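Novice: Task: produce atomic coordinates for the following.
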Amino acid sequence: MNMDVARTVFAGLPARYDRLAFLLSFGQDRRWRRAVVDQVAAVAPARVLDVATGPAGIALATAGRTGADVIGVDLNEPMLRAGVVQVRRSGRDGQVRLVVARAEELPFAGGVFDAVTFSYLLRYVDDPADTVAEMARCLRPGGILASLEFHVPPNPAWRVSWWLYTRCALPLLGALTGGRAWLRVGRFLGPSISAHYRRHPVDDHVAAWHAAGLSDVGVRLMSLGGGLVMWGRKDPTATGPRP
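Specialist: Reported below is the predicted structural model:
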């Protein structure tokens, strides 16, 4: 799984991307985003980086909640163009800036952001741990990293319901609401989420955050385990970026 897959699968969908998040999260995606922004707001940031920003949903929510200057980055240019439209509609052109960039090679100096957020990213990178370390590199000492990802419900009964929904209902809903392209995405997402956590259990994610120099790492399962919010603080004694 890599970013090329993400670009291919989601090509042509940016204008309706938020609908996909709504469907896959059972309508809970806005609540999940608020949980991420809650963590960021706790450090009263002046500068925030939002990685895999897509159409800038979390970037705009962060800007509105905290008043921070926000840079959103994404590899998918059509997604970013949809984000530009959203930023202009919100009247936050001077506060939110969108840039094409890879999460694995961020074009920023170390330690320049008070907070870094990312969402629905780690399934699409070759090395999740290295990607987390790269995002942590951009944090100032004491800064916060916060993330949102889809997850597989741990309760067996809910996991069966989730499996049926993602393998059967989601592709059908996608086809009915967006045609062939949405059918393709609906078929892709459920298996990709399951496969990711078979390779990288949550404990591995927590270990990667610690290895990246983050402490007080928190994990919160949302909506019966369909969503995963994580956060951690960069070691306040850090003196510079990771090599």
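Novice: Find the centremost residue of this structure, please.
Specialist: What sits nearest the mean C-alpha location of the chain, by C-alpha atoms, centre = their mean, is S119, with 0.4 Å.
Novice: I58 is in contact with that residue, correct?
Specialist: Yes. The pair formed by S119 and I58 meets the contact definition of C-beta atoms under 8 Å, at 5.7 Å. In this view, the C-beta of every residue, glycine as well, is placed from N, C-alpha and C.
Novice: which neighbours do the two share?
Specialist: R33, V36, D50, L148 (C-beta atoms under 8 Å, 6 or more residues apart in numbering).
Novice: mind listing the strands in this protein by residue range?
Specialist: Ranges of strands in the chain, per DSSP state E, are 47-51, 69-74, 96-100, 113-119, 139-150, 214-222, 227-234.
Novice: and the helix ranked longest in the chain, C-alpha only, in PDB?
Specialist: If you go by DSSP state H, the chain has its longest helix at helix 180-199. Presented in PDB, the C-alpha positions along helix 180-199 are these (Å, rounded to 0.1, in the frame of the first residue of the first chain):
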ATOM      1  CA  ARG A 180     -18.800   3.300 -10.800                       C
ATOM      2  CA  ALA A 181     -15.900   5.300  -9.200                       C
ATOM      3  CA  TRP A 182     -17.600   5.200  -5.800                       C
ATOM      4  CA  LEU A 183     -18.300   1.500  -6.200                       C
ATOM      5  CA  ARG A 184     -14.600   0.900  -6.700                       C
ATOM      6  CA  VAL A 185     -13.700   3.000  -3.600                       C
ATOM      7  CA  GLY A 186     -16.400   1.200  -1.500                       C
ATOM      8  CA  ARG A 187     -14.900  -2.200  -2.400                       C
ATOM      9  CA  PHE A 188     -11.400  -1.000  -1.600                       C
ATOM     10  CA  LEU A 189     -11.800   0.600   1.800                       C
ATOM     11  CA  GLY A 190     -13.000  -2.200   4.100                       C
ATOM     12  CA  PRO A 191     -10.400  -4.700   3.000                       C
ATOM     13  CA  SER A 192      -7.600  -2.100   3.200                       C
ATOM     14  CA  ILE A 193      -8.500  -1.200   6.800                       C
ATOM     15  CA  SER A 194      -8.600  -4.800   7.900                       C
ATOM     16  CA  ALA A 195      -5.300  -5.600   6.100                       C
ATOM     17  CA  HIS A 196      -3.600  -2.600   7.700                       C
ATOM     18  CA  TYR A 197      -4.400  -3.600  11.300                       C
ATOM     19  CA  ARG A 198      -3.300  -7.200  10.600                       C
ATOM     20  CA  ARG A 199       0.100  -5.800   9.600                       C
END
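Novice: Just give me how far it sits from the chain centre.
Specialist: Centroid displacement of helix 180-199 relative to its chain, using C-alpha atoms, centre = their mean, to the nearest Å, is 16 Å.
Novice: mind listing what's buried in that helix?
Specialist: By neighbour count on 16 or more other C-beta atoms under 10 Å, the buried set for helix 180-199 is 181-190, 192-193, 196-197.
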